[in-house]
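Undergrad: Build me a model from this:
(one chain, ligands or ions: 1)
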Amino acid sequence: MAENSAISWTRHTWNPWMGCTKVSPACDGCYAEALMDKRYGKVQWGNAPRVRTGAHTWNDPFRWQRQAEKDGDRPFVFCASLADIFDNQVDPQWRADAFEVMRKTPNLVHLLLTKRPQNIIKLAAEAGGLPTNAAIGTTIEDQTRADINVPALLEAKAATKPAFAFLSCEPLLGPIDLTALREFNPSAKPWINALSGAVTSGGVPRNRSECGINVSTSWTSPTIDWVITGGETDQGGHKARPTHPEWFRSLREQCARYRVPFHHKQNGEWVPLQANDGEWPTDLPGFCRLSTSGERIDAGWPMQKVGKKFAGRELDGVTHDAFPKVPA
Ligand code: SF4
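TA: Got it, this is the predicted structure:
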């Protein structure tokens, strides 16, 4: 609905409908629910009817398309920031209509970010096929969700041929290793490096069909083309959980190693607390200690809640603003 989004990784946001059901820990502090359900009462969250937006909103992409033609550029449009484009509880005709709008706005690059990547292949086919100017992405907030969602996204990339595939590691709630994912076929126990495409098992490369990746017989998997990271922010009654900068740094290093564009959106509300003369001032408001895997514990990294403005979006003094290459 926004003309120009405040989100650093997109120019516009477009919402063909509103409403969703929570499916993962990343949904706990759902911004869309806090805004559209709790604050404005425009839609009920959960197993309730979704609300299709009006003609004015559906016309927005055509205005952006005309402007993009004049400017000769290809702006990014985040589709469904107040919903999930691959939500299987929405009327399939709405998704087909939205895909038709995308096909008619070829200068726009539509970013289809979902927490339901397992639905992409089936629902895209039912909607007439994925538009060629659409990119697909999934949210992963910790290693558990990475092991489940990234292989599903890569399968969908192979099947639907998007403009590119991307990850949103926001809110990042624990460390993630994208170079050793292994959940998609537990019996074969393969390891997949989502940044290089290498697939191994027992330390040796494996054929993809042996590993249950039913897309080809080559020795590699599709890869991720863009990684976005971010912390969590307060949303209504939901208070932000801390993200340690080490988790951001690790993803930045992984991306640098495999030359994958890395975009750091913001740090959330928390920063690491500095020791004063070797003492940690544990009486500060918003103080907690964080384990390496993300739980609040008695010992570990001391963190302090300072607010999103103060925490900012620099990582080690650098703004990471990379974007992926868009095919012509
Ligand atoms: S998938 Fe997105 S829109 Fe849906 S509940 Fe989760 S955070 Fe909210």
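Undergrad: Give the residue spans of the stretch 101-250 of the chain that score low on pLDDT.
TA: 183-190, 201-220 (pLDDT under 70).
Undergrad: who in it is up against the ligand?
TA: Listed as neighbours of the ligand in the stretch 101-250 of the chain under the rule C-beta under 6 Å from any ligand atom: residue 115. For the C-beta atoms, the positions are set from N, CA and C on the backbone; glycine is no exception.
Undergrad: can you give me the strands in the stretch 101-250 of the chain?
TA: For the stretch 101-250 of the chain, strands defined by DSSP state E, counting those that start in this stretch occupy the ranges 109-114, 134-139, 165-169, 191-192, 199-201, 204-205, 226-230.
Undergrad: want to throw those into TSV with mean neighbour count?
TA: Putting the strands of the stretch 101-250 of the chain into TSV (neighbours: other C-beta atoms under 10 Å) gives the following:
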stretch	mean neighbour count
strand 109-114	26
strand 134-139	25
strand 165-169	25
strand 191-192	24
strand 199-201	18
strand 204-205	8
strand 226-230	25
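Undergrad: Save these as a markdown table, and put in distance to residue 302 too.
TA: Output for these, formatted as a markdown table (distance: least, C-beta to C-beta, whole Å):
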| stretch | distance to residue 302 |
| --- | --- |
| strand 109-114 | 33 |
| strand 134-139 | 28 |
| strand 165-169 | 23 |
| strand 191-192 | 34 |
| strand 199-201 | 38 |
| strand 204-205 | 43 |
| strand 226-230 | 22 |
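Undergrad: Residue 318 is nearest to which of those?
TA: Residue 318 lies closest to strand 226-230 among these, at 12.9 Å (C-beta to C-beta).
Undergrad: orientation of that closest one relative to strand 109-114 in degrees?
TA: Here strand 226-230 points in a direction 60 degrees away from that of strand 109-114 (axes from the mean of the first three to the mean of the last three C-alpha atoms, to 10 degrees).
Undergrad: could you say what helices and strands strand 226-230 packs with?
TA: strand 165-169, helix 245-257, strand 262-266 (3 or more C-beta pairs under 8 Å, 6 or more residues apart in numbering; DSSP states H and E).
Undergrad: which residues sit against that strand?
TA: Contacts of strand 226-230 from elsewhere in the structure, counted by C-beta atoms under 8 Å, 6 or more residues apart in numbering, are 9, 137, 164-172, 178, 248, 251-252, 254-255, 260-268, 322-324.
Undergrad: Can you flag the buried ones in those residues?
TA: 9, 137, 164-172, 178, 248, 251-252, 254-255, 260-268, 324 (16 or more other C-beta atoms under 10 Å).
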